[in-house]
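Participant: Sequence and computational prediction follow.
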Amino acid sequence: MKRTDYLNWDEYFMAVALLSAQRSKDPSTQVGACVANAQNKIVGVGYNGFPRGCSDDELPWDRSGGFLDTKYPYVCHAELNAVLNAISTNLQGCRIYVGLFPCNECTKVIIQSGIREIIYLSDKYRDTDQVRASKIMLDKANIPYRQLKTRMDSLHLSFLLPEETGR
Ligand SMILES: O=c1[nH]c(=O)n([C@H]2C[C@H](O)[C@@H](COP(=O)(O)O)O2)cc1CO
Ligand SMILES: [Zn+2]
């Protein structure tokens with residue numbers, strides 16, 4: 001009898017996005033993204049972080065203050081990193097799984113890369129003009145977006161060996 005509680009594809013790619021988010025140093029919002037192609041192969045992952053060579057210890061993670069004293073001008077969003085880290089710049093027919101609804105800047109990157117669907121978890125910034133602009137562009141470009149519906153609230157990973165957990 002095969003297992004019945006295995007992850008479906010949507011859950012699997014979202015879990016990869018959430019795992020990637022655990023790499024983020026942002027103290028307030030950790031975002032991960034995972035790009036899967038039509039064959040259900042992962043072709044890119046990313047999380048929010050400062051550009052390569054820009055030290056996490058020198059740039060600020062603050063949310064408020066003068067613009068240059070906050071993270072906002074510097075941080076690369078998870079979706080941008082996932083697309084840039086992808087094995088090809090042509091992501092025609094791919095889906096992107098992301099923990100947070102993409103902002104307008106990432107939406108432009110997503111559309112231009114050829115991604116054809118967005119699956120997200122949180123839409124906590126839905127009342128911002130950035131997210132409104134995202135949805136205007138996605139609707140015009142005929143790129144569907146949907147919130148992931150899943151049976152599970154959480155997923156447990158253990159680094160213990162099976163013999164150590166007694167399972
Ligand atoms: O789609 C997104 N992808 C993404 O990676 N981010 C990042 C940028 C910031 O590091 C963080 C948002 O920070 P905050 O929630 O503190 O404003 O999440 C933010 C968004 C939504 O704007
Ligand atoms: Zn963004």
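Facilitator: Arrived safely, thanks for sending. Ligands and ions are numbered 1, 2, ... in the order given.
Participant: show me the contacts for the spatially most central residue of the chain.
Facilitator: Ranked by distance to the mean C-alpha position of the chain (C-alpha atoms, centre = their mean), the top residue is Ala33 at 2.1 Å. Taking C-beta atoms under 8 Å, 6 or more residues apart in numbering, we find Ala33 in contact with 17, 20, 44-47, 78-79, 81-82, 96-99. C-betas here are computed from N, CA, C, even on glycine.
Participant: could I get those as TSV with distance to ligand 1 and secondary structure?
Facilitator: Output for these, formatted as TSV (distance: C-beta to the nearest ligand atom, whole Å; DSSP: H, G, I helix; E, B strand; the rest coil):
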residue	distance to ligand 1	secondary structure
Ala17	11	helix
Ser20	11	helix
Gly44	14	strand
Val45	13	strand
Gly46	8	strand
Tyr47	7	strand
Ala78	4	helix
Glu79	6	helix
Asn81	8	helix
Ala82	10	helix
Ile96	11	strand
Tyr97	12	strand
Val98	6	strand
Gly99	8	strand
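Participant: Let's have these in JSON lines, adding pLDDT.
Facilitator: As requested, the contacts of Ala33 are exported to JSON lines (pLDDT from 0 to 100):
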{"residue": "Ala17", "pLDDT": "98"}
{"residue": "Ser20", "pLDDT": "98"}
{"residue": "Gly44", "pLDDT": "98"}
{"residue": "Val45", "pLDDT": "98"}
{"residue": "Gly46", "pLDDT": "98"}
{"residue": "Tyr47", "pLDDT": "98"}
{"residue": "Ala78", "pLDDT": "98"}
{"residue": "Glu79", "pLDDT": "98"}
{"residue": "Asn81", "pLDDT": "98"}
{"residue": "Ala82", "pLDDT": "98"}
{"residue": "Ile96", "pLDDT": "98"}
{"residue": "Tyr97", "pLDDT": "98"}
{"residue": "Val98", "pLDDT": "98"}
{"residue": "Gly99", "pLDDT": "97"}
